[in-house]
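1. 3D model of this:
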Amino acid sequence: MTERFSLDSNVLVYAVNASSPDRHRRAVDIVKASIRRDCVLTLQALVEFYHAATRKRYMSPRDAAAKVEELGGVFPLTVAMYHNVLSALPAAVSARSSIWDVLLLATVEEAGCTLLLSENMGDGARYGKVAVVNPFKGRTLPRRAAQALGLR
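-> Below you'll find the predicted structure:
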């Protein structure tokens with residue numbers, strides 16, 4: 001049985017930004033492998049990707065929009081609902097996490113994910129049933145990420 005997982009926007013951004021070659025190659029491999037696995041993307045991650053890619057000028061607005069459309073056509077998508085916001089608020093109010101991070105985690109948990117690949121959140125952090133793994137930590141892809149991606 002494969003593990004259902006999701007990708008944070010930073011993985012998607014590294015896949016189009018070659019200024020950090022090692023992260024870029026790894027992110028491209030992650031996205032390609034994710035297409036064949038039980039990976040769900042959030043609309044939030046796609047919007048964050050568009051914002052970061054255009055704000056940092058990694059892509060033109062037109063190209064970033066085309067990439068969002070491409071990713072949305074390849075991956076199953078999930079959206080945050082009001083109850084996800086309500087469940088994320090306590091962690092945000094207590095300043096343990098940013099509202100955007102906990103909202104993403106609440107959304108992917110509801111979608112049945114048990115893993116989120118993200119560089120921005122603490123490696124090993126947990127939110128409910130979702131564990132965060134930094135896929136860029138170390139010289140090789142972390143074991144759990146590699147297993148989810150079918151690369152081990």
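
2. Flag the shaky bits of the chain, pLDDT-wise.
-> 1 (pLDDT under 70).

3. For it, which segments count as helices?
-> Counting by DSSP state H, residue ranges of the helices within the chain are 9-16, 21-35, 43-55, 61-74, 82-93, 99-110, 143-148.

4. could these be laid out in TSV, adding distance to Ser118 and mean neighbour count?
-> Placement of C-beta: from N, CA and C, glycine included. Output for those, formatted as TSV (distance: least, CB to CB, whole Å; neighbours: other CB atoms under 10 Å):
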stretch	distance to Ser118	mean neighbour count
helix 9-16	6	23
helix 21-35	11	16
helix 43-55	9	18
helix 61-74	16	14
helix 82-93	15	15
helix 99-110	8	22
helix 143-148	10	18
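
5. can you list those in a markdown table and add distance to Gly128?
-> What follows is the helices of the chain, written out as a markdown table (distance: least, CB to CB, whole Å):
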| stretch | distance to Gly128 |
| --- | --- |
| helix 9-16 | 20 |
| helix 21-35 | 21 |
| helix 43-55 | 17 |
| helix 61-74 | 25 |
| helix 82-93 | 9 |
| helix 99-110 | 5 |
| helix 143-148 | 17 |
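
6. how about those, which one is nearest Tyr127?
-> Closest to Tyr127 of the helices of the chain is helix 99-110 (CB to CB; 3.8 Å).

7. Against the centre of this structure, work out the most remote residue.
-> Ranking residues of the chain by C-alpha distance from their mean position (CA atoms, centre = their mean) puts Ser94 at the top, at 23.4 Å.
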